[in-house]
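# Just to be clear, the model below is a prediction. Sequence and coordinates:
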Amino acid sequence: MIINISKNIQHIIEIPEKWELFTNKSYTAQIQLADSSRIYNAPGMPGVVYNILEDAYEKVHESGYIVTGAAGEMWPIGEKSLGKYNIRPEEITYTPQPVSTLETDTVYAGIRIPEDVEFTLETDYGEKALLRGNRPEIPHAGGDYVLVFAKKQNGIYSPDFTDSGRIVNGTIFKVLYKPLSEIA
């Protein structure tokens with residue numbers, strides 16, 4: 001399967017040389033146990049969180065967790081995703097608590113989409129979600145980024161378009177990621 005993006009930006013797949021390489025930075029978020037009967041930030045919708053940055057409603061799972069990010073956006077994660085947070089599962093409660101993310105050696109390829117270009121991206125990390133980039137209701141600091149995992153072949157990284165990808169709001173991008181060239 002290839003990345004599922006809106007037609008108006010499909011040309012980005014044809015120009016892999018324009019994609020830049022990044023890795024994540026450590027930052028502070030909040031984490032809590034998920035409760036499918038609780039109302040979070042989506043009024044009248046128990047067991048659902050709303051990610052304001054991508055205009056996405058996502059169901060939470062009883063055996064999962066909810067992360068609140070750098071801009072107050074919320075999203076659900078499963079236990080497999082806990083490895084990128086500096087916390088053990090038994091330390092997590094139903095009350096949001098600060099947690100730092102761990103820097104990893106994962107390399108991403110990213111491209112900034114100018115903020116006057118609205119677009120969508122369908123992610124599929126166990127459950128599908130349709131995300132909206134550069135939506136007019138929120139700031140984007142020049143434009144949102146589309147990120148995919150980077151693959152290394154013959155010592156050279158390139159975008160892996162079989163990854164369903166992610167959208168990162170341009171306003172918080174530099175809080176979450178740094179250019180690969182900054183790694184010593």
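Received it, and whenever you're ready, just let me know what you need.

# Can you give the strand pairings for the helix or strand hosting residue 100, parallel or anti for each?
Here residue 100, judged by DSSP states H and E, is contained in strand 97-100. Take DSSP bridges as the rule and strand 97-100 pairs in its sheet with strand 28-33 (antiparallel).

# So this protein: which segments form each domain?
The record's domain parsing of the chain by automatic domain parsing lists 4-25+104-182, 28-100.

# if we can go back for a sec, pLDDT (mean, whole number) over the strand holding residue 100?
For strand 97-100, mean pLDDT is 96.

# so what's the residue nearest to residue 128 when sequence neighbours are not counted up against?
For residue 128, ignoring the flanking residues on the chain, the nearest one in space by CB to CB, 6 or more residues apart in numbering is residue 122 at 6.0 Å. Backbone N, C-alpha and C define where each C-beta goes, glycine included. Neighbouring residues of residue 122 by CB atoms under 8 Å, 6 or more residues apart in numbering: 4, 5, 128, 129, 130, 131, 164.

# Equivalent analysis for residue 173, please.
141, 144, 145.

# same deal with residue 52?
Residue 52 is in contact with 41, 71, 72, 73, 138, counting by CB under 8 Å, 6+ apart.

# any idea which strand is longest in this structure?
The strand spanning the most residues in the chain, taking DSSP state E as the definition, is strand 143-153.

# Can you name every helix or strand that the very next helix or strand once past it contacts?
Following strand 143-153 in sequence order, the next helix or strand is strand 156-159 (DSSP H and E). Judged by 3 or more CB pairs under 8 Å, 6 or more residues apart in numbering; DSSP states H and E, strand 156-159 is in contact with strand 108-114, strand 143-153.

# Could you check strand 156-159 and say which residues are buried?
Buried residues in strand 156-159, counting neighbours by 16 or more other CB atoms under 10 Å, are found at 157, 159.

# what lines up beside it in the sheet?
strand 143-153 (antiparallel).

# and the strand it pairs with, what's its mean pLDDT?
Averaging pLDDT along strand 143-153 yields 96.

# So what touches the worst-scoring helix or strand of the chain on mean pLDDT?
One helix or strand of the chain scores below all others by mean pLDDT, DSSP states H and E: strand 128-133, with a mean of 85. Residues outside strand 128-133 that contact it (CB under 8 Å, 6+ apart): 51, 54-56, 58, 113, 118-123, 144, 146, 166-167.
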